[in-house]
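**Student:** following is a predicted model, sequence given first.
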Amino acid sequence: MIRINLLPHRAAKRKARQIQLIAFCVIALVLGALVVGLGHTYIITEISKQERRNQYLKDETVILDKQIEEIKKLREQTESLLARKTVVEELQTTRSDVVHLMDQMLRILPDGVYLKSLKQTGNKINITGYAQSNARVSTLMRAIESSQWLEKPSLVEIHATGTGSTRMSEFALNLNLKKQAPATPSAPAKAVGKKG
């Protein structure tokens, strides 16, 4: 038996194509929304990861800043302690200088010369005093030049002054304290033992 389709086949094909097109559009729309949703989720996730990293770096930076401040304080304390140590060592090396200075002044001070003041600043020494004559001041300067602890005497001023019935010369003198090499301790003598 022969079947004849009397329905318009073109209209049926057109309707089938329209349904297919709508189905493809819906599928494309769903796939597009899915891709956009996945992309948006991925981007949000990456942004949150990056924000966590940034926050971690900020926290670590704060910790490092505190550590840097502590290191700076420790360096300042170290420098302060080193400066104190240097001062103490310098005082240790120069503590006998005052004794030598006074000893030398007593040894070289000629008769007729009286000291009014003696001031030491580092190795520089300023002396003011009275002398019975200018020759006595010259004698003092020569004695300073020949001293093993004192050097470079220079007369700042000298002028006559009257104290009662006697005439004196008031003088001001600058000199230097010689730097002495530190004494090296001698090696202890070795005991010689008898072999028996």
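**Tutor:** Happy to help now that I have it.
**Student:** may I see the buried residues of the worst-scoring helix or strand of the chain on mean pLDDT?
**Tutor:** Here the helix or strand of the chain ranked lowest by mean pLDDT, DSSP states H and E is strand 150-163, holding a mean of 75. Across strand 150-163, burial judged by 16 or more other Cβ atoms under 10 Å covers L150, P153. Placement of C-beta: from N, CA and C, glycine included.
**Student:** mind listing what it pairs with, with the direction of each?
**Tutor:** strand 166-177 (antiparallel) (DSSP bridges).
**Student:** about what we covered before: where's the least confident helix or strand of the chain relative to the chain centroid, distance-wise?
**Tutor:** 44 Å (Cα atoms, centre = their mean, to the nearest Å).
**Student:** do stretch 141-153 as well
**Tutor:** With Cα atoms, centre = their mean as the basis, stretch 141-153 stands 41 Å off its chain's centre.
**Student:** ends of it, how far apart?
**Tutor:** Distance between the two ends of stretch 141-153: 6 Å, counting by Cα to Cα, to the nearest Å.
**Student:** what's the helix or strand containing S138 packed up against?
**Tutor:** Secondary structure from DSSP states H and E places S138 in helix 134-146. When contacts are defined as 3 or more Cβ pairs under 8 Å, 6 or more residues apart in numbering; DSSP states H and E, helix 134-146 sits against helix 9-108, strand 113-121, strand 150-163, strand 166-177.
**Student:** before we move on, the earlier item: between the least confident helix or strand of the chain and helix 9-108, how many degrees?
**Tutor:** Inter-element angle recorded for strand 150-163 and helix 9-108: 60 degrees (by axes from the mean of the first three to the mean of the last three Cα atoms, to 10 degrees).
**Student:** which other residues reach strand 150-163?
**Tutor:** 101, 104, 108, 125, 130, 134, 137, 140-141, 144-145, 167-178 (Cβ atoms under 8 Å, 6 or more residues apart in numbering).
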